[in-house]
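# task: produce atomic coordinates for the following.
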Amino acid sequence: MAEARPCILIPVYNHPTTIGPLCDELAALGLPLLLVDDGCDAECAAELDRLAGKGHHLLRLTTNQGKGAAVRAGLEQAQRFGYTHALQVDADGQHACEDLPAFLAELESAPETLVVGYPRYDASVPRARFYGRYATHVWVWINTLSLEIRDSMCGVRLYPVAALNRLLARHPCGNRMTFDTEVLVRWHWAGGALTQRPVRVHYPRDGISHFALWRDNRQISMMHTRLFFGMMLRLPRLLARRLRRIPAEEGS
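Numbers count the residues shown, from 1 in each chain. Purely as a prediction, here's the structure:
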């Protein structure tokens with residue numbers, strides 16, 4: 001494989017006060033930043049223009065399409081720019097930037113691996129959000145017939161760009177909050193290599209959430225249902241893969 005050329009990919013929707021400080025923190029990693037404006041309002045768009053003036057890439061979507069659509073557009077742009085990997089980071093500044101070098105450390109030894117974050121929460125995490133995630137965890141474990149994916153909702157992950165774009169050309173994985181989960185399930189189904197790294201998460205008291213309770217919960221429920229039937233179609237292959245792995249796990 002050619003030498004890795006990673007970038008940092010940040011989908012942004014109306015986080016005008018956090019995106020600037022986040023970009024300043026991420027500068028310590030020495031990587032190009034690709035900001036995707038997902039139809040932001042005037043205040044946030046102006047902040048993104050300011051950051052683009054400092055040399056960061058800016059891809060602007062004319063209307064808000066959702067996180068999944070923004071990440072897909074960003075991955076396509078990253079490939080056009082010649083980047084081989086994209087480290088996805090959320091724009092709200094919840095994740096500890098000090099934990100990100102561990103994701104990039106995988107590039108030399110496992111460049112085709114998708115590296116997924118799993119959260120290490122501090123006391124700021126809302127209890128409802130913490131426990132609510134387990135409904136999705138359980139469905140992911142069912143739909144993959146595996147406990148391999150510890151958390152499918154964390155917004156920090158290192159994507160091999162070309163491989164992800166090939167997968168997304170076949171399965172777009174939704175435009176909004178379903179994207180992060182579905183793309184991991186489909187990566188697992190395709191037999192893609194996956195490893196996981198912890199990332200510390202802090203919820204600021206005045207943090208902004210764009211989760212639309214009824215719309216997003218409905219879409220997430222429909223996604224789990226669709227993936228369940230997809231799992232049933234793949235059941236013989238998934239079971240065979242699981243049976244092949246058991247002897248290796250017992251011998252380790």
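
# could you list the low-pLDDT ranges of the stretch 1-150 of the chain?
Within the stretch 1-150 of the chain, the stretches with pLDDT under 70 are 1, 126, 128-131.

# show me where it has its strands.
6-12, 33-38, 57-61, 85-88, 114-121 (DSSP state E, counting those that start in this stretch).

# ok, now the stretch 151-252 of the chain?
157-160, 194-201.

# and the shortest one, what's its mean pLDDT?
Spelled out, it's strand 157-160. Strand 157-160 shows a mean pLDDT of 98.

# tell me which strands it pairs with, and in which orientation.
Applying DSSP bridges to the sheet, strand 157-160 is found paired with strand 85-88 (antiparallel), strand 114-121 (antiparallel).

# quick one: which of those strands is nearest Ala69?
strand 85-88 (13.7 Å; CB to CB). Heads up, the C-betas are built off the backbone N, CA and C, glycines and all.

# grab the nearest non-local neighbour of the spatially most central residue of the chain.
Nearest to the geometric centre of the chain sits Gly155, at 4.4 Å (CA atoms, centre = their mean). Spatial nearest neighbour of Gly155, chain neighbours left out: Asp90 (3.7 Å); criterion: CB to CB, 6 or more residues apart in numbering.

# re earlier: pick the most buried one from the strands paired with strand 157-160.
Highest mean neighbour count of the strands paired with strand 157-160: strand 85-88, a mean of 25 (counted as mean count of other CB atoms under 10 Å).

# sorry, back to before: dump the residue contacts of the residue nearest to the centre of the chain.
88-90, 94-95, 117, 180 (CB atoms under 8 Å, 6 or more residues apart in numbering).

# among those, which ones are in helices?
Asp180 (DSSP state H).

# how about the contacts of Gly155 in JSON lines, adding distance to Cys7?
Formatted as JSON lines, the contacts of Gly155 follow (distance: CB to CB, whole Å):
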{"residue": "Gln88", "distance to Cys7": "10"}
{"residue": "Val89", "distance to Cys7": "11"}
{"residue": "Asp90", "distance to Cys7": "16"}
{"residue": "Gln94", "distance to Cys7": "20"}
{"residue": "His95", "distance to Cys7": "17"}
{"residue": "Gly117", "distance to Cys7": "17"}
{"residue": "Asp180", "distance to Cys7": "19"}
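
# nearest to Tyr134 among the contacts of Gly155?
Asp180 (15.7 Å).

# shouldn't that closest one be in contact with Asp151?
No: counting by CB atoms under 8 Å, Asp151 is not a contact partner of Asp180; they are 9.6 Å apart.

# Pro11 reaches Ala70, doesn't it?
Yes: counting by CB under 8 Å, Pro11 does reach Ala70; the two are 3.6 Å apart.
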